[in-house]
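Show me the folded form of this:
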Amino acid sequence: MICIALYQPDIPQNTGTILRLCACLGVETHIIEPAGFPVSDRAFRRAGMDYLDQVAIVRHHSWTAFEDWRRAKQARLLLFTTAGSRSYLDYAFKAGDVLLFGRESAGVPDAVHMAADARLIIPMREGLRSLNVAMACALAAGEALRQMGGFPR
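Numbers count the residues shown, from 1 in each chain. Here you go, the predicted model:
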């Protein structure tokens, strides 16, 4: 199975929506702190609603702590970024992949880009900046699960 990781998320409503998505799809969620809001169940309740009890949330107090966890798991890090060059639709996902999404306001720093095994882009119309992070997570998770035949039944 894949997991979704959020790098220092800014907006609790987006994070709550992503947690709800992950609950529905059975995908573990990793939150890399510090976040731009208190990382607590209360902060997520509005958007996540009663789905919050159905999602596995792993919190990492820093990028370094997250990287230590990921390396121990030997998981590929797939960064979804507008600075990517390869479409996520042309990528072969596999079990254990970590789908990483950056801050809504600033993406991720260069060090995170360099740590990624792949930098993937979601194709969009020219002249438009980016998708909402929750929508990007939904597209990415959907494609990865489709490829692996891993949708819940």
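
can I assume residue 18 is in contact with residue 27?
No: in this structure residue 18 lies outside contact range of residue 27 using CB atoms under 8 Å: 9.4 Å. Just so you know, the C-beta spots here come from the backbone N, C-alpha and C atoms, and that holds for glycine as well.

In this structure, what helix or strand scores lowest on average pLDDT?
Ranking every helix and strand in the chain by mean pLDDT, DSSP states H and E puts helix 41-48 at the bottom, with a mean of 58.

So for residue 20, what's the nearest residue that isn't a sequence neighbour?
Nearest non-adjacent residue to residue 20, counting by CB to CB, 6 or more residues apart in numbering: residue 51, 4.4 Å away.

got the contact list for that neighbour?
Contacts for residue 51 (CB atoms under 8 Å, 6 or more residues apart in numbering) come out as 19-20, 23-24.

ditto for residue 26
If you count contacts by CB under 8 Å, 6+ apart, then residue 26 has 1, 152 around it.

Show me where the protein has its helices.
12-25, 41-48, 63-73, 110-115, 133-148 (DSSP state H).

re earlier: who touches both of residue 18 and residue 27?
residue 4.

The two: which is more packed in?
Counted by other CB atoms under 10 Å, residue 18 and residue 27 do not tie: residue 18 has more neighbours, with 28 against 23.

Mind pulling up the pLDDT for the more buried one?
Looking at residue 18, its pLDDT is 94.

Could you check how far it is from residue 25?
The spacing between residue 18 and residue 25, counted by CB to CB, to the nearest Å, is 11 Å.

Now residue 33. Nearest residue, chain neighbours left out?
Distance criterion CB to CB, 6+ apart; nearest residue to residue 33, sequence neighbours excluded, is residue 61 at 5.3 Å.

ok, that neighbour touching residue 30?
No: assessed by CB under 8 Å, residue 61 is found out of contact with residue 30, at 11.8 Å.
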